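S.K.: sharing a sequence plus its predicted fold:
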Protein chains: 2
Amino acid sequence: MAEKIYIIKIGGNILDEADKISSFLRDFARIKEKKILVHGGGKMATQLAEQLGIPQQLLDGRRITDAATLKIVTMVYAGYINKNLVAQLQAAGCDAIGLCGADGNVIEAHQRFHSTIDYGYAGDIDRIDTKKLKSLIDLNLTPVIAPITHNGKGQLLNTNADTIAQETGKALSDAYDVILVYSFEKRGVLLDIDDEHSVISEIRQAEYEELKAGKKIFAGMVPKIDNAFAALKGGVKQVIIGQAEQLPQLLNNEAGTKITNEKP
Amino acid sequence: MAEKIYIIKIGGNILDEADKISSFLRDFARIKEKKILVHGGGKMATQLAEQLGIPQQLLDGRRITDAATLKIVTMVYAGYINKNLVAQLQAAGCDAIGLCGADGNVIEAHQRFHSTIDYGYAGDIDRIDTKKLKSLIDLNLTPVIAPITHNGKGQLLNTNADTIAQETGKALSDAYDVILVYSFEKRGVLLDIDDEHSVISEIRQAEYEELKAGKKIFAGMVPKIDNAFAALKGGVKQVIIGQAEQLPQLLNNEAGTKITNEKP
């Protein structure tokens, strides 16, 4: 068995709530095993775009990244959010280092090509430099990755944080036993979207197909779970989906939904 | 003799000129010796503050960093400028890694205390983690340092880039032969501020005192040269002041002003 590493994605709304994020970061800092934090954006980029009068286009929930928007997300994600997370982790005793994909060339991507939609400066990942990440981790540094990558030709690109977490997990699974944690607002995968107590504690591929066929899983959850199984297929040992506030319980299998193909 | 390292500060206005900065970065990437880039801010932070209607106060050329301004400089310096410099260096074949002081806790500072002036979130440097910087450099990474530090308690601080370059130079002089380069608009220290050809090619302490006593040095240059001698006193081998566009010539002693206490 290889050494364990946690790759923890912290998403959306919690980044806008100072108290919750502080508490989450203290919990994260306490994890004794090796770990990586991947963060999304929150509402700040949208707010800044509004203040600056830059219209934001969303298409199927994805932001169209024109040049002005790329500038904003680079400032907010790789600047403000990333550096504040790092400073707070340092205060909590975790030797964090903020990275975007360009730093140490850790994530190289290409500009998304689509025959009919111009996504602008959106990046799809080509390569994760696992050797470089491992070198940083071996210095006892904890990478904090912002959802900005680059194309190796000087162009920064806006890249989905869920995808960064998944691809990083897959890439590191040669060197580590990877546990991928998607933390968000909900307590896990819910059987009934209106009932926070209907968390499914464990899902295996066969059960998932059954649940999907019976339409027992909320449609909005399907892409997240599909991604989770793709990560498992790529070598990740376990995916955990749950609430950021419950991080310690998620890691102890006391909360959230565990998605696994391991024998029980 | 220890291994040589160049610490190169790139200042102010050139950061706003895309062509000049690209050319500078290609020159920087070609340096074969170990190297660190320290960058300032340029006009973008001031412009963004104006667009957002945040009034900027300057006192003796120093920005008063209130909370709204700290947010802006964190976004612009540690986000937009830092990540674009890193992406361009990567494109030029230099394995750059962007850092603010919080990343890897490389620069710890405290909030400036002054009995009558409230500088806000301005940071004065307490400690450079030379071991951490050396570990990164030993991975063949080239640190690109933004002028944002932290206090170790979760607070980011705005810190002068010239000072970061000087303190980093002094701190690394135990491990390396440090050459500190301040690149800016002028071709070096000028005898006549209106004559770009009046560059003084070399200044030693004794000559400097003479030049100063005779008021032969432009007053605006005095703090820069005082800083240079302070760096030499702190262990830096040589300080070079000159024009960013002439970087290769500066490093070959073919341009700029060399400030040194070494025997000729």
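M.R.: Great, that's in hand.

S.K.: do you know the pLDDT at the closest residue to chain B within chain A?
M.R.: When you check chain A against chain B by C-beta to the nearest C-beta, the closest residue turns out to be A:Gly79, at 1.9 Å. In short, each C-beta sits where N, CA and C put it, glycine included. Predicted confidence (pLDDT) at A:Gly79: the value is 98.

S.K.: does it really touch B:Gly79, like I thought?
M.R.: Yes: here A:Gly79 reaches B:Gly79: they are 1.9 Å apart, a contact under C-beta atoms under 8 Å.

S.K.: so, low pLDDT: which residues of the stretch 101-250 of chain A?
M.R.: Counting by pLDDT under 70, the stretch 101-250 of chain A has no low-confidence residues at all.

S.K.: show me the helices in it, by range?
M.R.: A:130-138, A:161-172, A:205-213, A:222-233, A:247-251 (DSSP state H, counting those that start in this stretch).

S.K.: okay, the ones you listed, which one's buried deepest?
M.R.: Of all the helices of the stretch 101-250 of chain A, helix A:161-172 carries the top mean neighbour count, a mean of 24, counting by mean count of other C-beta atoms under 10 Å in any protein chain shown.

S.K.: that one and chain B, any residue contact?
M.R.: No: Helix A:161-172 is not in contact with chain B by C-beta under 8 Å from any C-beta of the partner chain; minimum separation 15.0 Å.

S.K.: pull out the buried positions in stretch A:192-205.
M.R.: A:199-200, A:203-204 (16 or more other C-beta atoms under 10 Å in any protein chain shown).

S.K.: whoops, stretch A:237-246 was the one
M.R.: With burial defined by 16+ other C-beta under 10 Å, the residues of stretch A:237-246 counted as buried are A:237-246.

S.K.: ok, so of these, who is nearest B:Lys134?
M.R.: The shortest separation between B:Lys134 and any of those is 34.6 Å, and it belongs to A:Lys237 (by C-beta to C-beta).

S.K.: okay, that closest one and A:Gln246: tell me how far apart.
M.R.: 20 Å (C-beta to C-beta, to the nearest Å).

S.K.: likewise A:Phe113?
M.R.: Plainly put, A:Phe113 is 39 Å away from A:Gln246 if you go by C-beta to C-beta.

S.K.: then A:Ala161?
M.R.: 20 Å.

S.K.: over to A:Tyr208?
M.R.: From A:Tyr208 to A:Gln246 the distance is 22 Å (C-beta to C-beta).

S.K.: now do A:Ile148
M.R.: As defined by C-beta to C-beta, A:Ile148 lies at a distance of 28 Å from A:Gln246.

S.K.: what's the answer for A:Ala91, then?
M.R.: Distance, A:Ala91 to A:Gln246, using C-beta to C-beta: 22 Å.

S.K.: ok, A:Phe218 next?
M.R.: Distance from A:Phe218 to A:Gln246, by C-beta to C-beta: 19 Å.

S.K.: kindly report the same for A:Tyr80.
M.R.: As defined by C-beta to C-beta, A:Tyr80 lies at a distance of 26 Å from A:Gln246.

S.K.: go on, A:Ala78?
M.R.: Counting by C-beta to C-beta, the separation of A:Ala78 from A:Gln246 is 28 Å.

S.K.: do the same with A:Tyr121
M.R.: As judged by C-beta to C-beta, A:Tyr121 and A:Gln246 stand 35 Å apart.

S.K.: and the stretch 151-264 of chain A, which of its residues are near chain B?
M.R.: So the stretch 151-264 of chain A meets chain B at A:152-156 (C-beta under 8 Å from any C-beta).

S.K.: list the contacts for A:Ala87?
M.R.: The neighbours of A:Ala87, taking C-beta atoms under 8 Å, 6 or more residues apart in numbering or on different chains as the test, are B:102, B:150, B:154-156.

S.K.: assumed it was part of a helix.
M.R.: Yes: assigned with DSSP: H, G, I helix; E, B strand; the rest coil, A:Ala87 falls within a helix.

S.K.: mind checking pLDDT for it?
M.R.: At A:Ala87 the predicted local confidence, pLDDT, stands at 98.

S.K.: coming back round to it: next step: the buried residues of stretch A:192-205 restricted to strands.
M.R.: Using DSSP state E, the members of the buried residues of stretch A:192-205 that fall in strands are A:Ile203.

S.K.: picking up where we left off before, buried only: go through the residues of the stretch 151-264 of chain A next to chain B for me.
M.R.: Applying 16+ other C-beta under 10 Å to those flags A:152, A:154-156 as buried.

S.K.: so what's the most centrally placed residue in chain A up against?
M.R.: Centroid check for chain A by C-alpha atoms, centre = their mean gives A:Lys9 as the closest residue, at 3.2 Å. If you count contacts by C-beta under 8 Å, 6+ apart, A:Lys9 has them with A:38-40, A:161-162, A:165, A:180-183.

S.K.: how about a cut-off of 7 Å?
M.R.: For A:Lys9, the contacting residues are A:38, A:161-162, A:165, A:181-183, taking C-beta atoms under 7 Å, 6 or more residues apart in numbering or on different chains as the criterion.

S.K.: TSV please, covering these and showing distance to B:Gln47.
M.R.: Putting the contacts of A:Lys9 into TSV (distance: C-beta to C-beta, whole Å) gives the following:
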residue	distance to B:Gln47
A:Val38	31
A:Ala161	29
A:Asp162	33
A:Ala165	34
A:Val181	40
A:Tyr182	38
A:Ser183	36
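
S.K.: of all these, which two lie farthest apart?
M.R.: The most widely separated members of the contacts of A:Lys9, counting by C-beta to C-beta, are A:Ala161 and A:Val181 (12.8 Å).

S.K.: I'd like the distance between the nearest residue to A:Ile217 once chain neighbours are set aside and A:Leu190.
M.R.: Leaving aside its chain neighbours, A:Ile217 sits nearest to A:Leu211 (4.9 Å; criterion: C-beta to C-beta, 6 or more residues apart in numbering or on different chains). A:Leu211 sits at a distance of 11 Å from A:Leu190 (criterion: C-beta to C-beta).

S.K.: A:Lys134 against A:Ala171, yeah?
M.R.: No: because the distance of 10.0 Å does not satisfy C-beta atoms under 7 Å, A:Lys134 is recorded as not touching A:Ala171.

S.K.: just the strands in the stretch 51-200 of chain A please.
M.R.: Ranges of strands within the stretch 51-200 of chain A are A:58-59, A:62-63, A:96-99, A:107-111, A:123-128, A:142-145, A:148-150, A:156-158, A:177-184, based on DSSP state E, counting those that start in this stretch.

S.K.: which of these sits most buried?
M.R.: Most buried among the strands of the stretch 51-200 of chain A, counting by mean count of other C-beta under 10 Å: strand A:148-150, with a mean of 31.

S.K.: quick check: A:Tyr119 touching A:Asp66?
M.R.: No: distance between A:Tyr119 and A:Asp66: 9.8 Å, which falls outside the contact criterion (C-beta under 7 Å).

S.K.: more crowded one of these two?
M.R.: Neighbour totals were compared for A:Tyr119 and A:Asp66, and A:Tyr119 leads with 20 against 17 (other C-beta atoms under 10 Å in any protein chain shown).

S.K.: who does the nearest residue to A:Gly152 once chain neighbours are set aside form a beta bridge with?
M.R.: Leaving aside its sequence neighbours, A:Gly152 sits nearest to A:Glu108 (C-beta to C-beta, 6+ apart; 5.1 Å). A:Glu108 has the following beta-bridge partners by DSSP bridges: A:Arg127, A:His150.

S.K.: that concludes my questions; thank you for your assistance.
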